[in-house]
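**Q** pasting the sequence and the predicted coordinates here, then a few questions.
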Amino acid sequence: MVTLRVNGQEHKLDVPSGRRLIDVLRDDLDLLGARGGCGVGVCGTCTVLVDGRAISSCIMLAEQAEGKEIATVEGLAGDGQLHPVQQAYVDQFAFQCAYCTPGFILTTVALLEDHPDPDDQTIREYLGGNLCRCGSYVNIVEAVRAAARDRAARE
Amino acid sequence: MAVGKSVPMLDAEDRVRGTVEYAANLKLPNMLVARVLRSPVPHARVLSIDASAAEAMPGVAAVLTAADFERNGLNLIYGSGRDQRVVADDRVRHIGEAVALVAAESVEIADAALLAIEVDYEELPAVFDAFDALKPDAPLLHEAYPGNILNHSKLRHGDLESAFAAADEILEETFTSPVAQQTTLEPQIAAAQWRDGHLTLWTSSQSPHTVRNAVAGVLGLEPEAVRVIVPAVGGGFGGKGNVRTQPMVAALAWKVGGRPVMLALERGEEFVTVTKHAVTITIKTGVKRDGTFTARQITLHWNAGAYASSSKHLVPAGMLRSIGPYRFPAARVDSYGVYTNIPPAAAYRGAMSSQASWAHESHVDTIAHWLGMDPLELRRKNLLQTGETFATGETIGEAHFWECLEAAAKGIGWGEPFEKEPAPNVRCGRGLGVMMKHTIATSRSECLLVLDAGGGLKLYTSTVEMGQGAHTALAQMTAEAVGLPLEAITVVGPDTALTPYDAQTASSRAAFMMGNAVQDGAAKLKAKLAGAAAPHLEHPAEALAAADGFVFVTAQPDVRLSYADVLGQSDLETLEAAGSFQTKGGLDPETGQGVATPHWHQGAGACEVEVDVETGKVTVTRYHASAFAGRVINPQFARLQNDGNVIYGMGPALMEEVVMDGGQIINANLADYLIPSIADIPRELESTSLESDSGKIHGLGEMTLPPVAPAIANAIYDATGARIRDLPITAEKVFRALNGNGEG
């Protein structure tokens, strides 16, 4: 039995030892924003936040996440108004097929927590672990900048 | 006007919320998991397969081998190449080829079942390189193809001998491009369910109707008995064109007879399912002292892998795309597709054009430097212009190659001094590239427009939304053509049970082909509206027109009825009109003369690089891409296509190569097979989408990709004098070229 805290909600789950966090999220909790991509933690499509840090959920076991705060893209806005980072991605046309988008958005959330006003180099370093094969990177950088501006304006 | 505006994708909110439905989200009751047993050897006779232990395992619902197909009257061979089997029968021809299929209650059970299947192989000599495969003593892959030659396409234009004789100099070079992988972040996926003689298939595919027909062929059904539904697609790039894993999952679903089955490939399996053609291109050009080209001869050897897949039409396509957008009094091209024991190759974004442009644009640069001419000026002198004749004998209707190239060159300050002094170990340089690509000569797109009494309109289309924004762009075009606000338009499909035929979403054809089908449908819908409104407006239909949501009397525009009122007063719940668009063409197989395309794709690129001469490291600092759009439907989408192409193209240019040892891929994962990340993009990346007075829409899906690799290589030459002729341009190759060891 594993107890996971996901998007502020506690789940007691009977999962076999060795089950990956991504499988628990997708198959047991029906949270489909984290997606399988490379299976080895390098493409970022399965990114979730674990205690605020962007983590590849395909290389984290469910039991390793016990006692930690897990956030998925579904937790950012629920069914309500878009989170400012999500809104910035829409406004800046920062996606195409969008398979990678939840991962990028969550990494951006983590980035702005650490660096509210990131320079280009910091953006590239933080988002270097999320791949976008459609190549929307230029607009993604603009979305990160827009989200940072929006955050500064609200503070 | 809805066209020309940057509106977000219709489902943009779902895309950022993570709620877009990809095929992997499909959770059907009692769904089984499929896994594939794959060949561990590159070429062998399959002496026996014993699946009895696997079949007897608890939790295993079905095991399928070639013998089951025969026993049950299913067809093993599928697809346009007519050489590929759903599972191998008596031969395997590449590592990773499917040998048996399992459907089970869980992945764990399915994997255990795979281990329990006993296969006896008798290994055969194997061949991996196209030139080795052409040797007289090479092992033969397919008895029907002597010499391992899958196909040989020819272009014969003008009097080659005298055209070369008219040249002051003849230059010849050879370029290579390796096997690569499309690398959609969403791997291949398909799920299927068999019910009462019908099969429903959900899959991430660019070609729903091609898949439908292939699957129907395997199961011996009429095409209408197979329903193919394509949810959101997580990237295509050619990798999801044609037919991939769908016949496997369809056969399993048929075998289990009712329970749905899903087959989701793992990343490593992607690399043995579909790849990009490796090619060797020898290109020879006759040129006059003033830079005028007189003749060109090209020989291309494409490594098709073990099965034809799309190579039957791509090898001829590669022939056409190798010539380049230049004027030649005479040209001769021989393009060979060659079978080898590696995974089958297919379209990879900018199909064949990216390999072909790599050769012809690097080669033009070599000629310019040999002549002592500005590479931009040499191209200007020889680029095709509107009304001139291409090597196929067809007239170029709209040529914008020079405008594309000029926009790209200007964008990076071609000819101007460099902005800053680089570090002592760094050299700066600039390079150019231009491309020309035909789309599919003969193809058809159909759509259905359904207007309802509430004033809403549904567009039924089999165009696949794979991130390019096609559904939104088509909605914009529909809104404009019918005369309704964008908010009134809903796009439905692809679902072959509901949406009419479309050849496929590939070759940058959707905006042009389906766009024209939409125009056709809209005109017919307006005519029907006028017909329905005639009795209510008390004028004959010919005296009426439809625009901006109203049918009105042409001579008295204030006498009018809204579309909704026309339907309401006519007691119609809906009014529908079918649209279609068909293009025709074709080339003579012996001469390559004829009609290659309804119009030409045109694009260019220019870049600035920094080369660290101590390490060979290349950094692309500035890039300006340009493409001919005809008319831009959505400027932001156009920009995303242009930028995305450049970034995608930086992969094969600088890093992508599938490395094999004895037919075994040794980097079949994203830790070892590198694709461009945000850290790789140029500091400055911009693009131009050119429009013309004709306003005829051209697709933008690939145009700015093929120039990327040659533009970078030409910039490296400009910076250092080192000419790289083998992709990818790794730091090691540059270092060796600079140090006189290898490539130079």
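**A** Alright, I've got the coordinates.

**Q** which ones are touching residue 29?
**A** No chain in the question, so chain A it is. Counting by Cβ atoms under 8 Å, 6 or more residues apart in numbering or on different chains, A:Leu29 touches A:Val6, A:His11. Just so you know, the C-beta spots here come from the backbone N, C-alpha and C atoms, and that holds for glycine as well.

**Q** nope, chain B please
**A** B:Pro260.

**Q** that one and chain A, how far apart?
**A** As for B:Pro29, its distance to chain A is 14 Å (criterion: Cβ to the nearest Cβ, to the nearest Å).

**Q** so for that residue, what's the pLDDT?
**A** pLDDT for B:Pro29: 97.

**Q** stretch B:34-53 and chain A in contact?
**A** No. Interface with chain A: stretch B:34-53 contributes nothing (Cβ under 8 Å from any Cβ of the partner chain), its closest point being 14.6 Å away.

**Q** now that stretch: buried residues?
**A** Residues of stretch B:34-53 classed as buried by neighbour count (16 or more other Cβ atoms under 10 Å in any protein chain shown): B:34-39, B:41-44, B:46, B:49, B:51.

**Q** what of stretch A:115-128?
**A** For stretch A:115-128, by 16+ other Cβ under 10 Å, it's A:Pro118, A:Ile123, A:Arg124, A:Tyr126, A:Leu127.

**Q** the strands in the stretch 301-450 of chain B, which residues?
**A** B:330-339, B:345-346, B:426-438, B:443-452 (DSSP state E, counting those that start in this stretch).

**Q** which of those strands is buried the deepest?
**A** Highest mean neighbour count among the strands of the stretch 301-450 of chain B (mean count of other Cβ atoms under 10 Å in any protein chain shown): strand B:345-346, with a mean of 28.

**Q** can you list the strands that that strand pairs with?
**A** Strand pairing for strand B:345-346, determined by DSSP bridges: strand B:275-276 (parallel).

**Q** ok, now which ones touch B:Pro344?
**A** B:Gln84, B:His94, B:Val274, B:Thr275, B:Ala304, B:Gly305, B:Ala306, B:Tyr307, B:Ala308, B:Ser309, B:Ser311.

**Q** and which of those residues is nearest B:Cys607?
**A** Nearest to B:Cys607 out of the contacts of B:Pro344 is B:Thr275 (Cβ to Cβ; 26.7 Å).

**Q** wait, the closest one touches B:Ala346, no?
**A** Yes. B:Thr275 is in contact with B:Ala346 according to Cβ atoms under 8 Å; the separation is 7.4 Å.

**Q** OK, contacts around the most centrally placed residue in chain B?
**A** Nearest to the centroid of the C-alpha atoms of chain B, with distances taken as Cα atoms, centre = their mean, sits B:Gly238, at 3.5 Å. Counting by Cβ under 8 Å, 6+ apart, B:Gly238 makes contact with B:Gln182, B:Gln206, B:Ala346, B:Ala347, B:Tyr348, B:Arg349, B:Ala351, B:Ala506.

**Q** apply 6 Å and report the result again.
**A** Contacts for B:Gly238 (Cβ atoms under 6 Å, 6 or more residues apart in numbering or on different chains) come out as B:Gln182, B:Ala347, B:Tyr348, B:Arg349, B:Ala351.

**Q** what's the nearest residue to the third one if we skip its chain neighbours?
**A** Using Cβ to Cβ, 6 or more residues apart in numbering or on different chains and skipping residues adjacent in sequence, the residue nearest B:Tyr348 is B:Lys276, 3.5 Å away.

**Q** report pLDDT for the one you found.
**A** At B:Lys276, pLDDT is 98.

**Q** ok, B:Glu743 next?
**A** 43.

**Q** same check, this time on B:Pro8
**A** 98.

**Q** distance of it relative to B:Glu732?
**A** 43 Å (Cβ to Cβ, to the nearest Å).

**Q** could you do B:Met514 as well?
**A** 45 Å.

**Q** how about the strands in chain A?
**A** Here chain A has its strands, by DSSP state E, at A:2-6, A:9-13, A:47-50, A:53-56, A:69-71.
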